[in-house]
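> Provided below are the primary sequence and the corresponding predicted coordinates.
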Amino acid sequence: MKQESCRKDVERAFGVLQNRFAIVANPVRFWSKSDLHDIMSACIIMHNMIIEDERDLDAPIEAREVPSPNLGFVENQPAQFQKFMGMFRQIRNAEAHYALRNALIDHLWKEYLNTE
C-alpha cells in the first residue's frame, strides 16, 4: 500500500513538471543520463522557485549569475535517431492507427468465433 501511494505521488509530481516544462514532456531517448539529471534538477528547482514566488508577491527579485548548461544529444547515432523519428511519426499517424485497430478487431473476432 505504501509503494502504491509513493508511486502516485511521483506520477503526480512528474505530471506537474510535464505540464509546466515542455522539455520534460518530449521524448528523451537520445539524451544522456547526465543531461537528463541536469534537466530534471533544473525543472524541479525552477518549479520550486515559481511556487515560492507565487507565495510571496512582494519579495524583491535578485539577479544571479547562472552558468549556461552544457547539453547535447548522444552523438554518433544519426541512423538510430532517424529510425526512432520514423517510428514516432508512424505512431502519430491517424490512418495507420485506425487501420491497425480495425485489423486487430477483425483478428479478435475471428479468434473468438473459432473458439466456440
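Cool, got the structure.

> just the pLDDT at residue 72, thanks.
We have a pLDDT of 65 for residue 72.

> what does the one 4 residues further on give?
Residue 76 is assigned 62 on the pLDDT scale.

> which residues does the residue most central in space within the chain contact?
Among the residues of the chain, the one closest to the centroid is residue 25, at 3.5 Å (Cα atoms, centre = their mean). Going by Cβ atoms under 8 Å, 6 or more residues apart in numbering, residue 25 touches 18, 19. Using the backbone N, CA and C atoms, a C-beta is placed for each residue, glycine as well.

> ok, residue 47 next?
Contacts of residue 47 by Cβ under 8 Å, 6+ apart are 16, 17, 20, 21.

> out of these, which end up buried?
With neighbours counted using 16 or more other Cβ atoms under 10 Å, the contacts of residue 47 contain these buried positions: 17, 21.

> still on that earlier bit, the residue nearest to the centre of the chain and residue 10, how far apart?
Going from residue 25 to residue 10 by Cβ to Cβ, to the nearest Å gives 16 Å.

> okay, now the unreliable bits of this structure?
1, 56-59, 61, 66, 69, 71-77, 115-116 (pLDDT under 70).

> 90 instead?
Where the chain drops to pLDDT under 90, the residues are 1-101, 107-116.

> quick one, helices of it?
Per DSSP state H, the chain carries helices over the ranges 2-20, 22-25, 33-55, 78-92, 94-115.

> identify all contacting residues around stretch 90-104.
For stretch 90-104, there are no external contacting residues (Cβ under 8 Å, 6+ apart).

> I'm done for today, thanks for sticking with me.
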